[in-house]
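> whatever this is, show me its structure:
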Amino acid sequence: TPGRPTISEPRHPYDAINRHISAEISDPFTKLVVNIITAGEQQTMNYYMNIAGFHPSETGRKLYSEIAMIEEQHVTEYGSLIDTTCSKLESWLMHEYTECYLYYSCYADETDKYIREIFYRHYLEECGHLQFVAGLLEKYEGKPWQALYPCGGDFPETLHFEGNIDYIREVLAKTVNYTKVREQYQSIETLSPKDDFFKYNKHVVKNGKTLPSHKVIENHIKEFGQDYRFETKKNPIETLQSRKKDNTEIGRTKKNSK
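Okay, here's the model as predicted:
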């Protein structure tokens, strides 16, 4: 089911940055979340940027290029949460700790004994990497790994792979008309027409109907009579419930934010 339409995503570059966390006082789970979401967005951006030029159709190439630019914005948004005062070795240590956590989570949650063993093997490999980097941090900066993890190296609660449809629907219903204003998240209902979001979005998006992401939807509706969504129940946003009409206004104009 659709969320905030792609047309509402372009923001002024000044609005893409967040306040970064503190690597020394933020809890381990916060540091894990920041590193995980940044890595996930980085891989997504790389995927679309790397394959955009190889799609067999012009529409596909334009669509993937459009998505890639939005993903780059996401990488900047989430990557800016990482503490910029960290040294390369400190950042490397947190990176390795994150990989250990992810593999251990996969191992702990996996039910197939053969796949479970693969995850555990990778977890042990990453533990070796983590110990190696901890040694470099001590050797070249005179800093123990406990400076970044003062409460110890024990993992917080591991990740669990389970359904999240209800959670996603709740988030969508509450935030579909939210955007960024510098380092803050705000509803577009609170913005002035002179704010950078409206000016930049209108400057970048001249005609929503020509955007590849929405052109694909329109073409699908013309050919099949409805869009290509899959959903288990109606969209929580009333103006996104129609399968026969694309929405290019929600999240970018005040009158269409519900």
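
> which ones are touching the most centrally placed residue in the chain?
Most central in the chain under CA atoms, centre = their mean is residue 41, positioned 4.9 Å from the mean C-alpha point. Neighbour list for residue 41: 71, 74-75, 78-79 [criterion: CB atoms under 8 Å, 6 or more residues apart in numbering]. All C-beta atoms are positioned from the backbone trio N, CA, C, and that covers glycine.

> which intervals of the chain have sub-threshold pLDDT?
255-258 (pLDDT under 70).

> quick one, domains of it?
13-147, 177-256 (automatic domain parsing).

> redo the ones you listed as CSV? Include distance to residue 170.
CSV is the format used below for these (distance: least, CB to CB, whole Å):
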stretch, distance to residue 170
domain 13-147, 18
domain 177-256, 8
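
> between those, which one is closest to residue 7.
domain 177-256 (4.8 Å; CB to CB).

> please state the offset of the closest one from the chain centre?
18 Å (CA atoms, centre = their mean, to the nearest Å).

> also stretch 86-98?
Counting by CA atoms, centre = their mean, stretch 86-98 comes out at 20 Å from the chain centroid.

> list the buried ones in it?
Residues of stretch 86-98 classed as buried: 86, 89-98 (neighbour count, 16 or more other CB atoms under 10 Å).

> ok, and what's touching that stretch?
Contacts for stretch 86-98 (CB under 8 Å, 6+ apart): 23, 28, 31-32, 35-36, 39, 82, 126, 129-130, 133-134, 136-137, 140-141, 143, 145, 148-149, 153.

> which members of those are classed as buried?
By 16+ other CB under 10 Å, the contacts of stretch 86-98 give 23, 28, 31-32, 35-36, 39, 82, 126, 129-130, 133-134, 137, 143, 145, 148-149 as buried.

> so who does residue 130 touch?
93, 96-97, 99-100.

> what sits closest to it if chain neighbours are left out?
residue 96 (4.2 Å; CB to CB, 6 or more residues apart in numbering).

> do residue 221 as well
Nearest to residue 221 is residue 227, by CB to CB, 6+ apart, at 5.7 Å.

> I'd assumed that neighbour was in a helix, is it?
No - under DSSP: H, G, I helix; E, B strand; the rest coil, residue 227 sits outside any helix and is assigned coil.

> distance check, it against residue 246.
Distance, residue 227 to residue 246, using CB to CB, to the nearest Å: 7 Å.

> quick one, which of those two is more surrounded?
The neighbour comparison of residue 227 against residue 246 (other CB atoms under 10 Å) goes to residue 246, with 22 against 17.

> quick one: that one is in a strand?
No - counting by three-state DSSP, residue 246 is not part of a strand but coil.
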